[in-house]
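> my questions are about this predicted structure, shown below with the sequence.
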Amino acid sequence: MEQQYNFKKIEPRWQKVWKDSGIFHVTEDESKKKFYCLEMFPYPSGKLHMGHVRNYSIGDVLSRYLNMNGYNVLHPIGFDSFGLPAENAAIKNGSHPAVWTSSNIAEMENQLKQLGFSYDWDRECCTYTEEYYKWMQWIFIQFWNKGLAYKKENPVNWCPSCATVLANEQVVEGCCERCKTQVTKKNLSQWYLKITDYADRLLADLDKLTGWPEKVKTMQRNWIGKSEGYEVTFELKDGDLPMTVYTTRVDTIYGVTFMVISPEHPWVEQLIKGSEYEDACRKYMEEAKHLNDIERTSLTKEKTGQFTGRYVINPANGKEVPLYLADYVLMGYGTGIVMGVPFGDQRDFDFATKFGLDIIPVIDPHLPEVDINNLKAAFIAEGTMINSGKYDGMNNVEAIKAIGDDFVNRGIGKKTTNFKLRDWLISRQRYWGTPIPMINCPDCGWVPEKEENLPIILPTDVEFTGKGESPIATSKTFVDTACPCCGKPAKREVDTMDTFLDSSWYFLRYCDARNSEKAWDKKKTDYWMDVDQYIGGVEHAIMHLLYARFFTKVLYDLDLVHVDEPFKNLLTQGMVLKDGSKMSKSLGNVVSPEEIISKYGADTARLFILFAAPPEKELEWSDTGVEGSYKFLNRVYRLVYEMSEQIKGIPCKYIPEGKDDKQLAYILNNTVKRVTEDIGKRFNFNTALSAIMELVNEMYRYKELDDVNMGLLADATDKLVRMLSPFAPHICEEMWEGLGHTESIYGVEWPVCDESMLVKDCVEIVVQLNGKVRGKMEVAAGMDKNAFQELVMASDIVKQLTEGKEIVKIIAVPGKLVNIVVRG
RNA sequence: GCAGGUAUGGCGGAAUUGGCAGACGCGCACGGUUCAGGUCCGUGUGAAAGCAAUUUCAUGGAGGUUCGACUCCUCUUACCUGCACCA
């Protein structure tokens, strides 16, 4: 151990030791309790950013801590390496996406190794490799065989100038990001996975996930969006199309004054044909193609619509109401047709106001402040039915069932459950993704490729122009094939899969990453799954986590895994900010991990990022804060260096004698207790580090005293280095060696708190007068309430405080406080 | 817009079960060390009033519950995240 802390020498040295000894490689070991610690794998965008450093530092502290607690810890890493940016880079530079991706991966692997994370690199998985996407294709075929994959038409963002499909991200203010042409919609036949078949289970099983943050579960519940209601069929005047609406508020049906149909509803064509409003309707439909769902459903956007010239008949009262096209009705939810009740729905209210339609009150809340005949906004509350024929006078909640049941009996209603969740559109008209292993045969239709022919390899004779439907279609070798069923000429699917599929099962592949015979051996997932702790950005709270849960449930039903939920505990980490906003190149407020590592070392970077904020919270980057962490490591290093000379050969045994011995022994053991709880139970690494800092401060004070107990100092030094090692592993290895140990600190036992050192005979308590602190006193610990209260009330402090005042009430909390309520 | 979240000194944050608001760190000030600067060691540091003891105010804002509220309830403001083809 050198006198000076030199991270530039220490860090590469220990990284090499770890690599050469293979210390982070794990195998299934039935004799040990397993722990699967997983961090969301990165997209290889180029270099690591601070969000990655934060995510992986959290995971590394946990992994190292659990390893020291005797667990067999699986801690893998990989790269989510298919996706749009690689393809954009290829279009821009005329290179191949694989070149861009693999050089990024190499760079990021290097950075991860420089940070000293305890990954089992032998299990590394990259989704763009043939050995990974082979099994992705195999899994897709299992979904197909189970009837969970299908093809359906769906409108996509379409740039007419590039003649290509655009991702939402590529649409900027309604225009193509490359050529600025206004984006429109185009119908394409697309692959879907039937996630809606699992909607009920995905919702119900959220209750099982006790280790998930409540906020994430709430977000998932809202996303799945289960609602109970009725489908009611209105009759079309002069036509025979059943105009079926979905409503959760069938009690308001007497307040229907119009009906709205989504502009992309397939029936619109025949509804408007020949009408005097036909041209106006077509124009409106064209305009609707330029807006996205968020804009369309915005409550603040002025409502637009177009009368179709048609009328429908309300089955409740036989009234005719006009039928409009309006973009606030989405084709993707319910039936694509909505009954307009301006009284009870704000969107309908806005629409009716704009188009001069009637507003009929149908519920009277009996509130004097509400004039239901002259509303300024839609009214939503419980009340008594009015203007509703035979239901008048009934409570509106009861009326839902009564009216609904009547429609069911009349054969024009159906009780239904609706989900906001839609089936998962997985096809992408892109190159850089897993090819969908399906073949279209003129005779057999869509058939999957034979399993023995997997993987279907991405062709390399492809042009990247940014134009056309899918780059794969430009390959001369890929498309034409033979039907796996009948052998006749057939064509391959040229679309690739959404990269969210790749990331929906990678945690299973890590369990058996090098298996070339199977996606994974069930014996291995039986041992390692489920993931004990999953850590990642809160921005993935809905989609990725829902898709991974869906996959796990399907694979469970196929008997390929033994768990039906993948992630037992979830930690969602906050973002890293600089000057109050997200670090981004456009804002120019990026601090690169590289910079910090070269200036202060990996240990400082890790320490700062864990100390600056608790993991779930946003973290404000501070350059001076980093310096503080660096100073702290130096302070620890100097202390341990000095101690290593003095405590050589002295056992970590002590009997505290004076006040100072007792104080250090108390702080030492209390620190062990606090740090253990903060890491293991609360994941509050910032307070764990505060506690360690307090211990260091106390050791600095104690060691300068005249009469010190060397056994106590030896124990404090030993425990200090152990406790700090998950946070700053390199410097701790160095100090551990300096203390005379020959084994790596990775895997030595986590220190244990000696409870006998925490027993105090005196506690300081607070005396309050009317809830305000007025004095403090020392009392013996462990008194019962009556004795405690009597003792305190008899004290001089209390006598002084209450002199000449009438005592109204006394609240005594033993060992904590006495609050005296007085008058006068 | 919808959904979810956050708000505490000059700054990052602490307060684990409703019980001493501001632990720990940064910054700042002063002192020591040093030729000097840096490093390092130490002391102080929410605001206002006061020589002081001490008192009053203070956890985005407005109310409420309670002996007692950063913590619970109602309303409100600002900001952050997601919104289904970015990953």
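Perfect, thanks for sending it.

> where does the stretch 351-500 of chain A dip in pLDDT?
Low-confidence segments of the stretch 351-500 of chain A (pLDDT under 70): A:368-370.

> helices along that one, start to end?
With DSSP state H, counting those that start in this stretch, the ranges of helices along the stretch 351-500 of chain A come out as A:396-410, A:499-502.

> contacting residues around the first one?
So the one you mean is helix A:396-410. Contacting residues not belonging to helix A:396-410 are listed as A:230, A:232, A:249-253, A:315-316, A:363, A:382-385, A:388, A:391, A:394, A:413-415 [C-beta atoms under 8 Å, 6 or more residues apart in numbering]. Quick note: C-beta positions are derived from backbone N, CA and C, even for glycine.

> show me where the stretch 401-550 of chain A has its strands.
Secondary structure of the stretch 401-550 of chain A, counting by DSSP state E, counting those that start in this stretch: strands at A:413-419, A:424-425, A:427-428, A:438-441, A:445-448, A:480-482, A:489-492, A:496-497, A:533-537.

> possible to save those as a markdown table with mean neighbour count?
Written out in a markdown table, the entries for the strands of the stretch 401-550 of chain A read as follows (neighbours: other C-beta atoms under 10 Å):
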| stretch | mean neighbour count |
| --- | --- |
| strand A:413-419 | 16 |
| strand A:424-425 | 18 |
| strand A:427-428 | 24 |
| strand A:438-441 | 20 |
| strand A:445-448 | 17 |
| strand A:480-482 | 13 |
| strand A:489-492 | 17 |
| strand A:496-497 | 24 |
| strand A:533-537 | 22 |
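
> ok, residue A:265 - contacts?
Contact criterion C-beta under 8 Å, 6+ apart gives A:331, A:336-337 as the residues in contact with residue A:265.

> tabulate the CA atom coordinates of stretch A:30-45 in PDB.
Once non-C-alpha atoms are left out, stretch A:30-45 reads as follows in PDB (Å, rounded to 0.1, in the frame of the first residue of the first chain):
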ATOM      1  CA  GLU A  30     -27.600 -25.700  -5.000                       C
ATOM      2  CA  SER A  31     -25.800 -25.300  -1.700                       C
ATOM      3  CA  LYS A  32     -26.100 -21.500  -1.800                       C
ATOM      4  CA  LYS A  33     -29.000 -19.200  -1.900                       C
ATOM      5  CA  LYS A  34     -29.200 -17.500  -5.300                       C
ATOM      6  CA  PHE A  35     -29.700 -13.900  -6.000                       C
ATOM      7  CA  TYR A  36     -30.400 -12.600  -9.500                       C
ATOM      8  CA  CYS A  37     -29.500  -8.900  -9.700                       C
ATOM      9  CA  LEU A  38     -30.400  -7.400 -13.000                       C
ATOM     10  CA  GLU A  39     -30.000  -3.900 -14.500                       C
ATOM     11  CA  MET A  40     -31.700  -2.900 -17.700                       C
ATOM     12  CA  PHE A  41     -29.300  -3.600 -20.500                       C
ATOM     13  CA  PRO A  42     -28.200  -0.500 -22.500                       C
ATOM     14  CA  TYR A  43     -28.800   0.400 -26.000                       C
ATOM     15  CA  PRO A  44     -25.400   0.800 -27.600                       C
ATOM     16  CA  SER A  45     -25.800   4.500 -28.600                       C
END
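
> what about that stretch, average pLDDT?
Per-residue pLDDT over stretch A:30-45 has a mean of 96.

> report the buried residues of that stretch.
Going by neighbour count (16 or more other C-beta atoms under 10 Å), the buried part of stretch A:30-45 is A:34-44.

> and that stretch, is it in reach of RNA strand B?
Yes: if you take C-beta under 7 Å from any atom of the strand as the test, stretch A:30-45 does meet RNA strand B, through A:42-43.

> ok now the worst-scoring helix or strand of chain A on mean pLDDT, how far from the chain's centre?
Scoring the helices and strands of chain A by mean pLDDT, DSSP states H and E places strand A:581-582 at the bottom, with a mean of 75. Relative to the chain's own centre, strand A:581-582 is displaced by 18 Å; criterion: C-alpha atoms, centre = their mean, to the nearest Å.

> for that strand, which strands pair with it and how are they oriented?
The sheet places strand A:581-582 alongside strand A:576-578 (antiparallel), with pairing taken from DSSP bridges.

> show residues contacting the partner strand.
Contacts made with strand A:576-578 from outside it, assessed by C-beta under 8 Å, 6+ apart, are listed as A:49-51, A:54, A:582-583, A:589-591, A:609, A:618-621.

> distance of the residue nearest the centre of chain A from RNA strand B?
When chain A is reduced to its mean C-alpha position, the nearest residue by C-alpha atoms, centre = their mean turns out to be residue A:541, at 2.3 Å. From residue A:541 across to RNA strand B, the span is 7 Å (C-beta to the nearest atom of the strand, to the nearest Å).

> which one is that residue nearest to, not counting chain neighbours?
What sits nearest to residue A:541 in space, not counting adjacent residues and going by C-beta to C-beta, 6 or more residues apart in numbering, is residue A:216, at 4.6 Å.

> next, give phi and psi for the one you found.
phi -70, psi -40 (degrees, to the nearest 10).

> got the contact list for it?
Contacts for residue A:216 (C-beta under 8 Å, 6+ apart) come out as A:538, A:541, A:545, A:570, A:572.

> with these in mind, which one is nearest to RNA strand B?
residue A:538 (5.4 Å; C-beta to the nearest atom of the strand).

> what sits against the closest one?
If a contact means C-beta under 8 Å, 6+ apart, then residue A:538 has A:216, A:572-575, A:616 as its contacts.

> which SS state does residue A:766 fall under?
At residue A:766, secondary structure determined by DSSP: H, G, I helix; E, B strand; the rest coil is strand.

> neighbours of the residue nearest to it when sequence neighbours are not counted, how many?
If the residues on either side of it in the chain are set aside, residue A:766 comes closest to residue A:817, at 4.2 Å by C-beta to C-beta, 6+ apart. By the other C-beta atoms under 10 Å criterion, the neighbourhood of residue A:817 contains 15 residues.

> for residue A:584, same thing?
Here the neighbour count serves as a burial measure; for residue A:584 (other C-beta under 10 Å) it reads 11.

> could you do the one 4 residues further on as well?
Burial measure for residue A:588: 8 neighbouring residues, criterion other C-beta under 10 Å.

> that one and residue A:462: what is the separation?
Using C-beta to C-beta, to the nearest Å, residue A:588 is found at 36 Å from residue A:462.

> so where's chain A shaky on pLDDT?
Across chain A, the ranges flagged by pLDDT under 70 are A:368-370, A:586-587, A:824.

> output the longest helix belonging to it.
helix A:623-646 (DSSP state H).

> flag every buried residue along it.
Residues of helix A:623-646 classed as buried under the neighbour-count rule (16+ other C-beta under 10 Å) are A:626, A:628-630, A:632-633, A:636-637, A:639-641, A:643-644.

> and those as a markdown table, adding distance to RNA strand B?
As requested, those are arranged in a markdown table below (distance: C-beta to the nearest atom of the strand, whole Å):
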| residue | distance to RNA strand B |
| --- | --- |
| A:626 | 9 |
| A:628 | 3 |
| A:629 | 7 |
| A:630 | 8 |
| A:632 | 6 |
| A:633 | 10 |
| A:636 | 10 |
| A:637 | 10 |
| A:639 | 8 |
| A:640 | 13 |
| A:641 | 12 |
| A:643 | 14 |
| A:644 | 17 |
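
> now render those as TSV, adding distance to residue A:128.
Converted to TSV, the buried residues of helix A:623-646 look like this (distance: C-beta to C-beta, whole Å):
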residue	distance to residue A:128
A:626	35
A:628	41
A:629	36
A:630	38
A:632	41
A:633	38
A:636	42
A:637	42
A:639	48
A:640	45
A:641	47
A:643	50
A:644	48
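
> just the closest of the residues you listed to residue A:821, please.
Proximity of the buried residues of helix A:623-646 to residue A:821 (C-beta to C-beta) peaks at residue A:628, which lies at 44.7 Å.

> just the element for residue A:51, please.
For residue A:51, the host element (DSSP states H and E) is helix A:50-68.

> quick one: that helix to chain centroid distance?
In this view, helix A:50-68 has its centroid 17 Å away from the chain centroid, taken as C-alpha atoms, centre = their mean.
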